[in-house]
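fold the stuff below for me.
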Amino acid sequence: MVSAPDMILLRAGHVEDLDAVMAIMNRSFDPCFGEAWTRSQCSGILPMPGVTLTIAALDGAPVGFALARTVLDESELLLLAVDPDHHGRGAGKALLEHFTGHSRSLGARHIHLEVRDGNTAIRLYQQAGYELVGRRRDYYKAQDGQRYDALTMSIPSRAD
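Below you'll find the predicted structure:
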């Protein structure tokens, strides 16, 4: 049997994964911006129709997650986070590709996300084909009072 030590595996997440999700979120989101969700917010949305949690694991240990919601023909990536110790190993890319592909398989025609202007994840989203389609001025307020725009990004619909 051949072993691939740096192979990212994706699996469906469940409420039992919330401890790992919260640990990753707390290490990934700078508290300065208030972007991280609370455990209550995460556990409250998980049972809702169309909500999916995907876990990225490396050697069996969770290193990232994506939380998404699909309603009718619209899919939104609500959260995507990878533990900073595991950046650059493909977990974020794998989670994003899974979100996009899964959304399309469900018939979503509008696939989008929102991200704070200046977030390094923007480069990942652009590389995956997401384009800027909207901007909410001064949406995020940092602890120091500085404001940042929220960017809405969407992947163009494929012709069927």
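
how deep is Glu114 tucked in, by neighbour count?
Other residues near Glu114 come to 15 when the count uses other CB atoms under 10 Å. No exception for glycine: its C-beta is placed from N, CA and C like everyone else's.

report pLDDT for it.
The model reports Glu114 with a pLDDT of 96.

please apply the same query to the one 5 residues further on.
According to the per-residue confidence, Asn119 scores 92 in pLDDT.

quick check: phi and psi on it?
Main-chain torsions, Asn119, degrees, to the nearest 10: phi -70, psi 130.

what do you get for Glu76?
phi -130, psi 130.

what's the closest non-adjacent residue to Gln127?
Spatial nearest neighbour of Gln127, chain neighbours left out: Lys93 (7.8 Å); criterion: CB to CB, 6 or more residues apart in numbering.

how about that neighbour, what does it touch?
Lys93 makes contacts with 124, 127-128, as judged by CB atoms under 8 Å, 6 or more residues apart in numbering.

for it, give its distance to Gly145.
34 Å (CB to CB, to the nearest Å).

so which of the contacts of Lys93 are in helices?
Judged by DSSP state H, those include 124, 127 as members of helices.

considering the contacts of Lys93, which possesses the most neighbours?
Neighbour tally across the contacts of Lys93 (other CB under 10 Å): the maximum, 17 neighbours, falls on Leu124.

quick check, that residue in contact with Leu96.
Yes: using CB atoms under 8 Å, Leu124 is in contact with Leu96, at 6.3 Å.

which stretches of the chain form helices?
Assignment of helices within the chain using DSSP H yields the ranges 18-28, 39-45, 91-105, 121-127.

in CSV, list the ones you listed along with distance to Met7.
Supplementary listing: the helices of the chain in CSV, determined by distance: least, CB to CB, whole Å:
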stretch, distance to Met7
helix 18-28, 18
helix 39-45, 26
helix 91-105, 10
helix 121-127, 19
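
closest to Ile155 out of those helices?
Closest to Ile155 of the helices of the chain is helix 91-105 (CB to CB; 6.1 Å).

all set, thanks.
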